[in-house]
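Colleague: coords please:
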Amino acid sequence: MVRWEYIPGSELFLVWARGSAGSQNINDSLTDSVSNQIFDVPANDTFLLKATYRFVR
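Modeller: Next up, the predicted model:
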């Protein structure tokens with residue numbers, strides 16, 4: 001996460017998240033199951049951008 005305050009009270013956020021979802025075999029050991037879910041399944045990258053602006057007089 002990156003945050004930048006470009007005007008006092010107004011901010012810009014950039015967030016990057018990486019996740020994956022896989023299935024596991026109940027006959028696999030814990031290390032094999034974790035390894036399969038982390039390294040063998042394609043990852044999904046998500047980028048979010050949020051801007052806030054403070055209206056002042």
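
Colleague: skipping adjacent residues, who's closest to the residue nearest in space to the middle of the chain in space?
Modeller: Geometric centre of the chain, nearest residue: A17, 1.3 Å, by CA atoms, centre = their mean. Spatially, and ignoring its direct neighbours in sequence, A17 is nearest to T46 (4.6 Å; CB to CB, 6 or more residues apart in numbering). In short, each C-beta sits where N, CA and C put it, glycine included.

Colleague: hmm, that neighbour is touching S20, no?
Modeller: No. With contact defined as CB atoms under 8 Å, T46 does not count as touching S20 (11.6 Å).

Colleague: quick one: pLDDT of the residue nearest to A17?
Modeller: For T46, the model assigns a pLDDT of 94.

Colleague: thinking again about what came up before, more crowded one of T46 and S20?
Modeller: S20 (12 against 9; other CB atoms under 10 Å).

Colleague: isn't the more buried one up against F39?
Modeller: No. Assessed by CB under 8 Å, S20 is found out of contact with F39, at 9.3 Å.
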